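A.B. asks: Got a sequence here, can you model it:
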Amino acid sequence: MAARYRVFIMPRLMGSLAALASLPVYLLLRGVPSEIEIVAFCWLVTPLLVVYYLVRTGRYETANVLSSLSLTALVFLVAVFAGGIGSFAATWLVVAPLEAALSGSRRVVLMSAAFSTAAALLLFVLGTAGYLRPAEMHEALAAFAIVSALLYAAGLTLGAVTLVHAGALLLGAEESRYQFLVRNMTDVIVRYGRGGSVTFASPAAETLFGIPINELSGDGVFGRVHVADRPAFLATLADAARSGEVRSLEFRIQRNVGARRPGQFVWIEMRCRPFECQPGGRGKTDHDVVAVLRDISERKTQEDALDAARLEFEQASAAKSRFIATIGHELRTPLNAIIGFSEMLTNSVLKISGSDQVEYAKLINGSGRHLLSVVNGMLDASKIKAGHFELALERFVPAPTIENCIDLLALQAREGGIELRVRVAQNLPEITADKRAFSQILINLISNAIKFTPRGGCVTIGASCDGPSLVVTVEDTGVGIEQDDLARLGEAFFQARARHDCRTDGLGLGLSIVKGLVKLHDGEVDIRSRVGEGTRVSIRLPVRQEGDRTPIEPVKPVTESYRDHLGVSNEWVRKSA
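C.D. replies: Residues are numbered from 1 along each chain as shown. As a prediction, the model looks like this:
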């Protein structure tokens, strides 16, 4: 537009000023001017007025219309005095539309052509009617007209060349700017045709897809969209083309990792809208859609991390709620017993016999021990989770420790009407482990098996050596565990639902402690269960035996009258260590 302003202003300004400056010389040589000469020189002021109007208002098209009108009026007046339509001045009527063409406006060209046509018709009518008298040809004026026409035509030509040059420079500058933007932006611009076929892709597509741009033409992009995302991909493009509004979609594409080898899928965000050739909707196609593609894999990773953190927080909150509910129940029951029986013992009004006092003291002692086990369980679980549980590793034979743990729980099993069976292989090797932690693992597993086994059931404890590992199993014929609960076993304060949703005593820390202690020993825990048939828990601990060692004498079955009285049966399995 600045170039058009310069092309419009400079010829008119310089031409008018040059003509006015030459007026005294012309008058000096010519003498008194004629009427037509007076009209011609008066017209020289008109371009200056039009330039002033443009500078003051900025109305480019209106200024062009006024310039064409003034030029046509001047030519008409000169032609009237010069002899009408056949005079030398009438040819200037063709110049007015040519001058208007430089405006770049169809409206200005049409109006200028209308002015010239009207002036030519009017001259023809006046000449035909005899209103115009033939004028004498002034050679000086004719020469001046010819020279001025040549100069004016040269000015128009230079103006046209200037506009063409300015347009080429602007086009090159715009092209360079858009090329710079397209080549340096990380987002990919894609134009889709019918059926999602690619008709254009920006250079950034090579980085996003890992292939040359020419391979994306046609169905190159669609072929790399994840199969599960293809329906949504096509539906989004069709919806954008049909509705005329911006649509967005997140989907997965397969990126090549080099040498035309397909790699993993990455997440892409696509924002698309109908393609328009010109502003205002002109040139709009029925199916073409332009889209911007952006790699959002990093954002998806962050979202997954946030989801995992939120889930972890929710689980921690649920665990805290379970802890408060469970610990409140587990502490309130023994504390009520301790407070109640201690008040009875200290009440001097009540006459309590010696045997009742002993019974009450035993109940207080049992409740206190239960409280101590609850506190110890919470402390152990807390230490294991915080990584502060210290192992006192030592080498020992596991069979005697297993027998001792069974003896501690034999009375509980007998009172519950449950049979304990022991299957410990002979020649078990020494293991390197924390003996107290090993005992705690066994006690927790056996007590859980007894707790969830109904009267008349059976709990089997086995131990054997499987290559470089010691395998200890505790199997019961209890109520079993549902599959939904089986995956959550080992979470702190979680208790599997027993049959008929009956609540069992305990904090739900036993198996959690077992898993933590086994993991500290670099071992593994395997749990298998069927509802109504029972549960089998196996722990596998590394033997960590260095060098060749002589086989240890097998541990003989314990046959004391105490264990016989409790009904613990030994079934020794001969298996090489």
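
A.B. asks: quick check, distance from the longest helix along the chain to the centre of its chain.
C.D. replies: Assignment by DSSP state H gives helix 297-346 as the longest helix of the chain. The gap between where helix 297-346 is centred and where its chain is centred comes out at 34 Å by Cα atoms, centre = their mean, to the nearest Å.

A.B. asks: what's the answer for stretch 244-264, then?
C.D. replies: Worked out by Cα atoms, centre = their mean, stretch 244-264 lies 13 Å from the chain centre.

A.B. asks: quick check: mean pLDDT across that stretch?
C.D. replies: What stretch 244-264 shows for mean pLDDT is 81.

A.B. asks: measure it end to end?
C.D. replies: 34 Å (Cα to Cα, to the nearest Å).

A.B. asks: Stretch 465-482 too?
C.D. replies: Stretch 465-482 end-to-end distance (Cα to Cα) = 30 Å.

A.B. asks: Next SSE downstream of the longest helix of the chain?
C.D. replies: helix 354-386 (DSSP states H and E).

A.B. asks: Which secondary structure elements does that next one sit against?
C.D. replies: When contacts are defined as 3 or more Cβ pairs under 8 Å, 6 or more residues apart in numbering; DSSP states H and E, helix 354-386 packs onto helix 297-346, helix 510-520. For every residue, glycine as well, the C-beta is placed using N, CA and C.

A.B. asks: Now the element after it, going C-ward?
C.D. replies: strand 393-396.

A.B. asks: Pull up the pairing partners for that following strand, direction included.
C.D. replies: strand 431-434 (antiparallel) (DSSP bridges).

A.B. asks: What lies in contact with the helix or strand that comes right after the partner strand?
C.D. replies: Using DSSP H and E, the helix or strand that directly follows strand 431-434 along the chain is helix 435-451. Helix 435-451 is contacted by residues 380, 391-392, 394, 396, 398, 401-402, 404-406, 408-409, 412-413, 416, 418, 459, 461, 472, 474-476, 478, 504-506, 510-511, 513-514, 517-518, 520-521, 535, 537, 539, 541 when judged by Cβ atoms under 8 Å, 6 or more residues apart in numbering.

A.B. asks: what angle sits between helix 435-451 and helix 510-520?
C.D. replies: 150 degrees (axes from the mean of the first three to the mean of the last three Cα atoms, to 10 degrees).

A.B. asks: picking up where we left off before, counting contacts, what elements does the longest helix of the chain pack onto?
C.D. replies: So helix 297-346, by 3+ Cβ pairs under 8 Å, 6+ apart, packs with strand 262-274, helix 354-386.

A.B. asks: which one of these lies closest to Leu110?
C.D. replies: strand 262-274 (33.2 Å; Cβ to Cβ).

A.B. asks: Switch the helices and strands packed on helix 354-386 over to JSON lines; also include mean neighbour count.
C.D. replies: Output for the helices and strands packed on helix 354-386, formatted as JSON lines (neighbours: other Cβ atoms under 10 Å):
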{"stretch": "helix 297-346", "mean neighbour count": "13"}
{"stretch": "helix 510-520", "mean neighbour count": "21"}
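
A.B. asks: how about JSON lines for those helices, with distance to Ile85 and mean pLDDT added?
C.D. replies: Conversion of these to JSON lines gives the following (distance: least, Cβ to Cβ, whole Å; pLDDT from 0 to 100):
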{"stretch": "helix 297-346", "distance to Ile85": "77", "mean pLDDT": "81"}
{"stretch": "helix 510-520", "distance to Ile85": "111", "mean pLDDT": "81"}
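
A.B. asks: can I get the ones you listed in JSON lines with distance to Val94?
C.D. replies: Converted to JSON lines, the helices and strands packed on helix 354-386 look like this (distance: least, Cβ to Cβ, whole Å):
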{"stretch": "helix 297-346", "distance to Val94": "66"}
{"stretch": "helix 510-520", "distance to Val94": "100"}
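
A.B. asks: if we can go back for a sec, now tell me which of the helices and strands packed on helix 297-346 the model trusts least on average.
C.D. replies: Taking the mean pLDDT of those, helix 354-386 comes last: a mean of 75.

A.B. asks: Just the angle for that one relative to helix 435-451, thanks.
C.D. replies: 120 degrees.

A.B. asks: Could you tell me how far helix 354-386 lies from the centre of the chain?
C.D. replies: The answer for helix 354-386 is 53 Å, by Cα atoms, centre = their mean.
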